[in-house]
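A.B. asks: kindly generate the corresponding structure for this input.
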Amino acid sequence: MNSIDWKQTENLLEKNIQFIQNSPRIHADVSKLRHLNENDYRIIFCEDGNATIEKKHSGGFIRFHSAYEPQREGQILAEARANEENEGRQYLFIGLGFGYIYNHLLPKTEAQNAQVVIYEPSYDIFNYFIRLFDISKLFKGYSLRLHVAEGAINFPKILTYFSHGRIADVERISTLSYYNAFKDDILTCMEQVQNFNYRDRINKDTSKYFELEWATHPIINFPDILKSPWYGGLKDVLNGRPAVLVAAGPSLNKNVHLLKEIQGRVFVISAYTAIKTLEKNGIRPDMYVSIDSHQTVYDVSDDYKIEEIPFLLHPNVPPRMLEFHNENNFLLLQHEQTIGVLLNALNKKIITIPTIGGSVVHFIATLLAYMGAETIVMLGQDLAFTGGKHHAAEYTEGLSEDAKNATASNMNNLPLEVEDVYGEMVPTNKAFKNYILQFEKFAHNNLSSFTMVDATEGGAKIGNTKIMSLREAIDTYFSEFTDTNYTNELITQARKNGKLFLEDDKDKAIKLFEKMLVQCENLLDLTPKTEKAAEKIMNLFKYNKIPTKKELKKPRFEHLTLIDEIRKNSLALDTVCGEWPTEFVRAQTMQPEDEHEALFFTRITSELFLGKTSLIKSVEKVLKSVIEKLKQEL
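C.D. replies: The predicted structure follows:
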């Protein structure tokens with residue numbers, strides 16, 4: 001094997017380090033770039049004269065490139081990776097190695113108007129690279145970013161470069177040699193990519209879909225919120241007694257009629273989606289719960305006397321729900337976006353309960369634990385499509401045609417099956433499967449605190465729960481309780497103990513909303529100015545030009561000055577852009593001169609602010625209306 005005189009490579013090393021220091025497209029700790037590890041790595045020369053690197057591993061060596069023709073094989077790999085389907089996409093590769101694949105890949109991705117980010121998990125390998133190759137040639141004319149980092153701890157920073165849904169399928173691809181050498185790091189990185197592509201995308205899509213309701217409903221509802229107690233008054237009121245949790249699954253009609261036997265004697269709490277089924281069967285629970293800002297409001301008969309049944313409502317629910325029940329509500333006050341802003345500004349310190357999952361039934365389960373239930377009996381909690389149904393039959397009454405069609409579409413795509421309570425297989429979907437796992441974990445974590453009984457009589461089997469019929473559950477857990485006025489007294493006590501707002505809070509709310517109104521006007525004024533300042537920065541990066549720090553200094557200062565002005569309007573900002581502070585912090589972790597900062601700030605000032613202009617105007621309109629209403633009530 002030929003040898004390399006590393007002293008002869010010093011000039012190239014210093015040239016590369018200087019390039020790295022001046023390049024906003026390379027993220028590497030320069031202090032680690034002069035340490036050559038000759039104990040664990042070695043260089044060998046290939047048949048075509050190119051060099052390749054090997055790493056000690058399990059008594060032998062792992063080779064990071066072909067020992068024959070790495071350039072030709074890099075070309076083959078590049079052709080397989082860069083598909084025409086990925087036009088305009090973003091590529092994420094793990095492993096720079098000696099760059100043979102990228103010599104052929106980058107012209108293809110550039111022709112696709114695509115971006116490439118490389119994550120090199122080893123400074124050792126990179127130290128060999130910058131002694132043997134001119135790194136500037138790799139970057140010349142291409143949309144390429146390179147991160148060098150030991151371990152996967154810095155990997156989340158890389159994901160801030162990417163847009164949701166734009167990462168090409170090739171992001172999972174690293175060479176087999178890299179996988180063998182850095183398996184744990186690569187698996188951790190891939191998990192983070194999956195979370196980014198799935199959870200973050202779902203969260204952002206959900207936030208965008210509901211942003212108008214989440215920002216405006218708590219403000220519209222605030223006059224009623226001031227009159228209502230919060231659920232803190234429910235703390236430990238059950239004092240070890242059992243309770244019933246009602247969901248709106250397709251099995252609900254099998255046994256719901258039996259609840260008549262225990263009304264008034266045992267606390268029964270139901271998801272609001274089950275109301276039509278309960279009304280049909282003459283069941284009046286002790287409380288309904290709704291947390292959905294798009295909740296369908298079901299009309300029931302006058303004989304049902306819905307106004308006499310307590311509701312526990314999230315401030316995000318449609319205002320119509322509070323109008324129906326504003327004399328008998330409890331409120332789910334959590335430190336979330338808009339309501340959290342209002343509570344903090346009014347110095348209302350509340351203790352929130354940890355919740356599991358994302359459904360109303362998950363919340364009810366945690367609420368019953370908070371209330372001190374010794375036994376929680378569930379019914380209608382199918383979490384499966386029992387008998388080909390998605391909910392109790394009455395649930396679909398009042399749903400829009402779009403909602404019905406969406407549900408029908410979901411029913412036609414059921415690749416999953418789980419065991420049901422009878423030992424058979426029943427169809428379900430990913431969302432329900434996730435809910436099942438969350439309930440199983442919740443039940444397991446609380447085995448010493450209370451017992452969960454699944455009396456659904458259908459649907460998926462939920463581990464760590466006792467399965468029995470509702471008839472058995474009533475005879476086992478409820479027969480000893482005979483006081484038919486028990487639940488009325490419980491609610492009265494909880495309302496008294498849950499009082500949160502004082503009379504002078506109304507005046508404080510008016511001043512708070514007036515301040516927020518001014519801040520909305522400020523944001524509308526600052527938004528176009530800030531976007532224009534961001535465009536000045538972006539123009540410096542056109543045609544893959546890399547601006548100097550001196551060129552960036554003035555426009556960057558102008559832009560950050562405007563960002564500081566935006567940040568002063570925190571009341572309105574947190575209401576309409578609750579995700580902005582987190583995104584801002586993420587951007588600040590990048591190098592100040594990094595092109596990513598320009599991309600990021602353009603995004604937050606155009607997509608996040610200009611895209612919010614109509615939302616800010618809607619909040620303005622709502623604020624004016626609520627201020628007037630509160631003043632009339634004084």
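A.B. asks: so what's D40 up against?
C.D. replies: Shown in contact with D40 (Cβ atoms under 8 Å, 6 or more residues apart in numbering): K55, K56, D124. Quick note: C-beta positions are derived from backbone N, CA and C, even for glycine.
A.B. asks: quick check: which element contains the second one?
C.D. replies: For K56, the host element (DSSP states H and E) is strand 51-57.
A.B. asks: from the chain's centroid, how far away is that strand?
C.D. replies: The chain centroid and the centroid of strand 51-57 are separated by 40 Å under Cα atoms, centre = their mean, to the nearest Å.
A.B. asks: could you look up the SS state of F129?
C.D. replies: Under DSSP: H, G, I helix; E, B strand; the rest coil, F129 falls in the helix class.
A.B. asks: my read: it touches F98, true?
C.D. replies: Yes: using Cβ atoms under 8 Å, F129 is in contact with F98, at 6.0 Å.
A.B. asks: these two: who's more crowded?
C.D. replies: F98 (22 against 19; other Cβ atoms under 10 Å).
A.B. asks: against D525, how distant is the residue nearest to I135 when sequence neighbours are not counted?
C.D. replies: In space, and not counting its chain neighbours, I135 is closest to N16: 4.9 Å by Cβ to Cβ, 6 or more residues apart in numbering. According to Cβ to Cβ, to the nearest Å, N16 stands 47 Å off from D525.
A.B. asks: now L502
C.D. replies: Look at L502 and D525: by Cβ to Cβ, they are 35 Å apart.
A.B. asks: cool, H27 as well?
C.D. replies: 36 Å.
A.B. asks: same drill for those two, tell me which one is more crowded.
C.D. replies: Neighbour count, other Cβ under 10 Å: between H27 and D525, H27 has more, with 20 against 10.
A.B. asks: for the more buried one, give me the pLDDT.
C.D. replies: pLDDT recorded at H27 is 85.
A.B. asks: which phi and psi does it have?
C.D. replies: H27 has phi and psi values of phi -110, psi 100 when expressed as degrees, to the nearest 10.
A.B. asks: that one against E120, yeah?
C.D. replies: No: contact between H27 and E120 fails when scored by Cβ under 8 Å: they sit 10.1 Å apart.
A.B. asks: shared neighbours, the two?
C.D. replies: L146, H147, V148, A149.
A.B. asks: outside of the strand holding K56, which residues touch it?
C.D. replies: Strand 51-57 is contacted by residues 4, 40-46, 61-67, 70, 97-98, 124-125, 128, 132, 180-181 when judged by Cβ under 8 Å, 6+ apart.
A.B. asks: cool, stretch 513-532 as well?
C.D. replies: 219, 559, 562-563, 565-566, 568-573, 575-576, 602, 605-606, 609-610, 612-613, 616-617, 619-620, 623-624, 626-627, 630.
A.B. asks: surely A247 meets A274?
C.D. replies: Yes: assessed by Cβ under 8 Å, A247 is found in contact with A274 at 6.5 Å.
A.B. asks: what's the overlap in contacts for these two?
C.D. replies: Counting by Cβ under 8 Å, 6+ apart, the residues touching both A247 and A274 are G380.
A.B. asks: quick one: the residue nearest to I135 is in a helix?
C.D. replies: Yes: judged by three-state DSSP, N16 forms part of a helix.
A.B. asks: part of a helix, is D574?
C.D. replies: Yes: counting by three-state DSSP, D574 falls inside a helix.
A.B. asks: list the contacts of the residue lying closest to Y100 once chain neighbours are set aside.
C.D. replies: Closest residue to Y100 apart from its sequence neighbours, by Cβ to Cβ, 6+ apart: G74 at 3.4 Å. Counting by Cβ under 8 Å, 6+ apart, G74 touches H65, Y100, I101, Y102, N103, H104, L105.
A.B. asks: can I have the buried ones of these as a PyMOL selection?
C.D. replies: The buried residues among the contacts of G74 can be selected in PyMOL (16 or more other Cβ atoms under 10 Å) with this line:
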select buried, resi 65+100+101+102+103+104+105
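A.B. asks: show me where the stretch 201-350 of the chain has helices.
C.D. replies: Ranges of helices in the stretch 201-350 of the chain, per DSSP state H, counting those that start in this stretch, are 201-220, 222-225, 275-280, 319-325, 337-345.
A.B. asks: and if you look at the stretch 501-634 of the chain?
C.D. replies: Under DSSP H, counting those that start in this stretch, the stretch 501-634 of the chain gives helices at 505-539, 549-567, 570-576, 580-588, 595-606, 613-633.
A.B. asks: for L144, what are phi and psi?
C.D. replies: Dihedral angles (degrees, to the nearest 10) for L144: phi -130, psi 140.
A.B. asks: pLDDT wise, what is it at?
C.D. replies: 86.
A.B. asks: what are the ranges of the helices in the stretch 351-500 of the chain?
C.D. replies: 360-370, 401-411, 430-445, 470-473, 486-497.
A.B. asks: could you dump these to a markdown table with distance to G388?
C.D. replies: Shown next, in a markdown table, are the helices of the stretch 351-500 of the chain (distance: least, Cβ to Cβ, whole Å):
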| stretch | distance to G388 |
| --- | --- |
| helix 360-370 | 21 |
| helix 401-411 | 8 |
| helix 430-445 | 14 |
| helix 470-473 | 22 |
| helix 486-497 | 36 |
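A.B. asks: tell me which of these sits most buried.
C.D. replies: helix 360-370 (a mean of 22; mean count of other Cβ atoms under 10 Å).
A.B. asks: ok now that one, how far from the chain's centre?
C.D. replies: When distances are taken as Cα atoms, centre = their mean, helix 360-370 is centred 21 Å away from the chain's centroid.
A.B. asks: just the C-alpha atoms of that helix, please, in CSV.
C.D. replies: Taking Å, rounded to 0.1, in the frame of the first residue of the first chain, the C-alpha atoms of helix 360-370 are listed here in CSV:
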residue,chain,number,x,y,z
VAL,A,360,-61.6,13.9,24.8
VAL,A,361,-61.8,10.5,26.4
HIS,A,362,-58.1,10.5,27.3
PHE,A,363,-58.7,13.8,29.1
ILE,A,364,-61.7,12.5,30.9
ALA,A,365,-59.7,9.5,32.2
THR,A,366,-57.0,11.8,33.6
LEU,A,367,-59.7,14.0,35.0
LEU,A,368,-61.4,11.1,36.9
ALA,A,369,-58.0,10.2,38.4
TYR,A,370,-57.6,13.9,39.4
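A.B. asks: could you tell me the angle between that helix and helix 430-445?
C.D. replies: With axes from the mean of the first three to the mean of the last three Cα atoms, to 10 degrees defining the directions, helix 360-370 sits at 10 degrees from helix 430-445.
A.B. asks: run through who's touching helix 360-370.
C.D. replies: Contacts of helix 360-370 (Cβ under 8 Å, 6+ apart): 231, 234-236, 238, 243, 245, 247, 269, 271-273, 289-292, 312, 332, 353-357, 376, 378, 381, 435, 438-439, 442, 446, 449-450, 452.
A.B. asks: could you rerun that using 7 Å?
C.D. replies: 231, 234-235, 243, 245, 247, 269, 271, 289-291, 353-356, 376, 381, 435, 438, 442, 446, 449-450 (Cβ atoms under 7 Å, 6 or more residues apart in numbering).
A.B. asks: can you say which of those residues are buried?
C.D. replies: Applying 16+ other Cβ under 10 Å to the contacts of helix 360-370, the neighbour count classes 231, 234, 243, 245, 247, 269, 271, 289-291, 353, 355-356, 376, 381, 435, 438, 442, 446, 450 as buried.
A.B. asks: narrow the residues you listed to those in strands?
C.D. replies: Residues of the buried ones among the contacts of helix 360-370 located in strands (DSSP state E): A243, L245, I269, A271, V289, S290, I376.
A.B. asks: what residue, apart from its backbone neighbours, is nearest the third one spatially?
C.D. replies: Going back to what we said before, that points to I269. That would be M287: by Cβ to Cβ, 6+ apart, it lies 4.7 Å from I269.
A.B. asks: great, nothing more from me.
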